[in-house]
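Novice: Here is my input, please return the structure:
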Amino acid sequence: MIRDEFEFINKIKSKETQQPSLIKGIGDDAAVFKSSHMFDELICMDTMVEGVHFTKQTMTPFMLGFKALAVNISDIAAMGGIPTYYLVSIAVPKGWTEEELLEIYAGMSKLGKQYSMDLIGGDTVSSPGGLIITVTVCGKIEKGTSLYRHQASSGDIIFVVGQLGASAAGLELLLKHGLTHNYSSTEKLLLEAHQLPMPQVAAGRLFATSGEKISLNDISDGLASEANEIAEASNVDLLIEFEKIPRSDYIKDFPLDEQRRWCLFGGEDYLLVGTMSQAAFQKISETFREKAIMLTIIGEVTIGSGDVYITENNKKKKLLKQGFNHFNKGEDNGKI
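Specialist: Numbering: from 1, shown residues only. The predicted model follows:
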């Protein structure tokens with residue numbers, strides 16, 4: 001446990017800043033940073049609860065910190081934004097050592113530095129139950145260029161960035177065997193997809209700066225759930241072809257039913273799904289090839305009332321809005 005809160009804060013306080021707009025970070029009643037009339041500000045927050053979103057049998061403290069920040073950066077990426085600052089509130093129960101807590105912050109710092117982000121505040125309290133970590137991320141985006149879920153139109157193509165299913169497959173391995181199992185090299189890559197996800201900031205920025213009308217969502221709760229959110233927000237129907245969904249190379253030796261479940265409902269890939277016109281895709285896809293970012297058409301948008309359908313083997317059925325909840329099927333893991 002933490003013996004002295006202020007001493008602990010000094011240990012996690014960065015000695016240098018990444019953002020030139022930061023005026024005052026940790027050490028006062030509030031952080032202060034300059035704003036710009038050229039940018040809109042972005043902010044998002046996510047909470048991870050021990051026993052619901054993670055356990056010590058599935059993640060090390062370093063991985064927990066890395067992922068807690070990654071899931072929020074992914075939301076900024078889905079808006080097309082640039083992540084800048086983050087704040088951390090952590091509720092600590094008995095049984096977690098100060099060394100483990102410092103490893104959590106080390107994981108966040110490792111990822112944050114990749115995006116030139118600064119930790120600018122938060123809170124540290126005790127918890128009567130499991131560890132609870134809440135991360136708030138601030139970001140920015142050029143005025144008027146944010147990518148929203150409600151921007152899908154009939155005639156658009158549906159696309160995804162990257163390959164799906166690896167994170168859910170990795171979690172199932174962890175739940176079955178734990179952290180210390182002797183995993184194969186391929187299995188280790190599946191574990192890494194779950195434990196150390198990389199947000200698609202670069203792809204989001206390419207979309208936002210393209211000048212095209214694009215709807216976008218990050219794949220946190222599964223492709224089925226995220227596609228339904230776009231369909232509902234845009235009041236159109238989405239028709240996805242299962243055979244076109246790019247599945248992770250590392251799950252292709254597993255049974256097809258498992259691949260289908262991981263890709264559609266597994267979630268936590270933290271990739272991107274969205275829609276754009278066919279002409280926009282032709283323009284943007286060349287840039288994605290140059291940047292070696294995988295961009296794949298998986299279906300089309302049609303006139304409708306907010307539903308998602310999937311075809312497989314020439315059979316069409318409704319794809320319901322449901323995602324896999326890892327530890328507690330009664331737990332709401334949605335976002336407001």
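Novice: Let me see the ranges of the helices in the stretch 1-150 of the chain.
Specialist: Taking DSSP state H, counting those that start in this stretch as the criterion, the stretch 1-150 of the chain contains helices spanning 5-12, 61-78, 98-114.
Novice: Out of those, which is the most enclosed?
Specialist: When those are scored by mean count of other C-beta atoms under 10 Å, the highest mean neighbour count falls to helix 61-78 (a mean of 25). Glycine gets a C-beta too; all of them are placed from N, C-alpha and C.
Novice: circling back: among the helices of the stretch 1-150 of the chain, where is the model least confident on average?
Specialist: Of all those, the segment with the smallest mean pLDDT is helix 5-12, scoring a mean of 61.
Novice: Now do the strands in this structure.
Specialist: 22-24, 32-33, 39-49, 82-92, 118-126, 132-142, 157-161, 215-218, 236-241, 272-276, 295-303, 308-312, 315-318 (DSSP state E).
Novice: Okay, and the beta partners of the closest residue to residue 316 other than its chain neighbours?
Specialist: Spatial nearest neighbour of residue 316, chain neighbours left out: residue 309 (5.5 Å); criterion: C-beta to C-beta, 6 or more residues apart in numbering. Residue 309 forms beta bridges with residue 239, residue 318, as assigned by DSSP bridges.
Novice: Just give me the neighbour total for residue 309.
Specialist: For residue 309, the neighbour count with other C-beta atoms under 10 Å is 18.
Novice: Could I get the contacting residues of it?
Specialist: 237, 238, 239, 240, 316, 317, 318, 319 (C-beta atoms under 8 Å, 6 or more residues apart in numbering).
Novice: Quick one, which of the residues you listed are buried?
Specialist: Buried residues within the contacts of residue 309, counting neighbours by 16 or more other C-beta atoms under 10 Å: 237, 238, 239, 240, 319.
Novice: now the first one, nearest residue through space, not along the chain?
Specialist: If I follow you right, that is residue 237. Residue 237 sits nearest to residue 304 (C-beta to C-beta, 6+ apart), 2.7 Å away.
Novice: right, and that neighbour touches residue 231 too?
Specialist: Yes - the criterion here is C-beta atoms under 8 Å, and residue 304 meets it with residue 231 at 7.3 Å.
Novice: what's the overlap in contacts for these two?
Specialist: The contact lists of residue 304 and residue 231 share residue 237, where a contact means C-beta under 8 Å, 6+ apart.
Novice: and those two? which has more neighbours close in?
Specialist: residue 231 (27 against 16).
Novice: right, and the more buried one touches residue 237 too?
Specialist: Yes - Residue 231 is in contact with residue 237 according to C-beta under 8 Å; the separation is 6.2 Å.
Novice: how much space between residue 141 and residue 156?
Specialist: Residue 141 sits at a distance of 21 Å from residue 156 (criterion: C-beta to C-beta, to the nearest Å).
Novice: Compare the two and say which is more crowded by neighbours.
Specialist: residue 156 (26 against 21).
Novice: So which of the helices of the stretch 1-150 of the chain is nearest residue 174?
Specialist: Closest of those to residue 174 is helix 61-78, at 10.5 Å (criterion: C-beta to C-beta).
Novice: isn't residue 104 right next to residue 62, touching?
Specialist: Yes - counting by C-beta under 8 Å, residue 62 is a contact partner of residue 104 at 7.2 Å.
Novice: Pull up the overlap in contacts between those two.
Specialist: In contact with both residue 104 and residue 62: no residue, using C-beta under 8 Å, 6+ apart.
Novice: okay but residue 278 is in contact with residue 157, surely?
Specialist: Yes - at 5.6 Å, residue 278 counts as touching residue 157 under the criterion of C-beta under 8 Å.
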